[in-house]
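1. show me how the following folds:
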Amino acid sequence: MIAAAVALALTFAQPQAWTAGTEREVDEGVYMKIVAAEQGWRVWRIETRGGVDCRAYKSAQGRRHPVPVGVGSMMARTGTPFLEVYWYPALEKTYSEWHAVHYRGRAKYRTPTDRFWEEGAPDPETVEERVIDVVMTSWEYPELLIGHAEERAKFDLAGIRWAVEAVQSCNAAGRGAGSTAASSGG
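-> As a prediction, this is how the structure comes out:
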C-alpha cells in the first residue's frame, strides 16, 4: 500500500524538471525550491506557514537526485542512497542523515582503504571531503521482515562544507525574512 502511494506520487514528481529558483507548491501549503547547487549538492528551501527550513541533498555516484514526493516536504526515495544535511536549531548544529529506498534504514560507511565500518552518517562539520563506500539496509515492513533491501554505493563527500554553509545561510535568510525556522531535525 505504501509502495503504491509512493509510486503514484513519483509518477507525477519525476517528469517535472527542477531548476534552481523555480518554486512549486508540493503539498497543500508546502512550497519548495532549489536555491543553490554545487558539486552534486542541491540546497532546497522549504517554506510553510510555520517558517522556512533549508536542507541539502546529494545522491550517491551515478544515482538520480531526490525530488519532493508531494507529501509534506518528504523527498522521493529515488537515487538512494542519498545524504541529507540539515540544521538542528535546538542544538545549534548541522547534522547529516542517510536515506534508503525504504524509510528507517540503517547505514554504515568507510573509505575504500579502511578495514572497519562506521555506523550512521558522518558529521558534516568535520568529515573529510573524499569518496566513501556506503551500505544501506532497509525494510518496507520491518515488523514483518518483508521487503528487505540492501544498497551499496560510492558517495563523494566533495562539497559537503559548501552544503553546510549554504544550509546555514539559507536558514538565516529565512529567519531574517520574518519567519522562524521550521526545522525539528531529520
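
2. after the lowest-mean-pLDDT helix or strand in the chain, which helix or strand is next?
-> Sorting the helices and strands of the chain by mean pLDDT, DSSP states H and E puts helix 2-13 at the bottom, at a mean of 44. Using DSSP states H and E, the helix or strand that follows helix 2-13 in sequence is strand 23-27.

3. that next one packs against which elements?
-> Applying 3 or more C-beta pairs under 8 Å, 6 or more residues apart in numbering; DSSP states H and E, one finds that strand 23-27 contacts strand 30-38. In this view, the C-beta of every residue, glycine as well, is placed from N, C-alpha and C.

4. buried ones in stretch 64-76?
-> 65-70, 73-76 (16 or more other C-beta atoms under 10 Å).

5. closest to residue 151 among those?
-> residue 66 (13.6 Å; C-beta to C-beta).

6. pLDDT score assigned to the residue nearest to that closest one when sequence neighbours are not counted?
-> Spatial nearest neighbour of residue 66, chain neighbours left out: residue 75 (4.0 Å); criterion: C-beta to C-beta, 6 or more residues apart in numbering. At residue 75, the model reports a pLDDT of 86.

7. and residue 75, how far is that from residue 59?
-> Distance from residue 75 to residue 59, counting by C-beta to C-beta, to the nearest Å: 10 Å.

8. got any residues that touch both of the two?
-> Shared contacts of residue 75 and residue 59, defined by C-beta atoms under 8 Å, 6 or more residues apart in numbering, comprise 66, 82.

9. what is residue 154 paired to in the beta sheet?
-> Residues in a beta bridge with residue 154, per DSSP bridges, are residue 133.

10. that one against residue 133, yeah?
-> Yes: the criterion here is C-beta atoms under 8 Å, and residue 154 meets it with residue 133 at 6.3 Å.

11. so which of the two has more stuff around it?
-> Shown here are residue 154 and residue 133; by other C-beta atoms under 10 Å, residue 133 has more neighbours (16 against 13).

12. ok, now which ones touch the more buried one?
-> Contacts of residue 133 (C-beta under 8 Å, 6+ apart): 109-112, 152-155.
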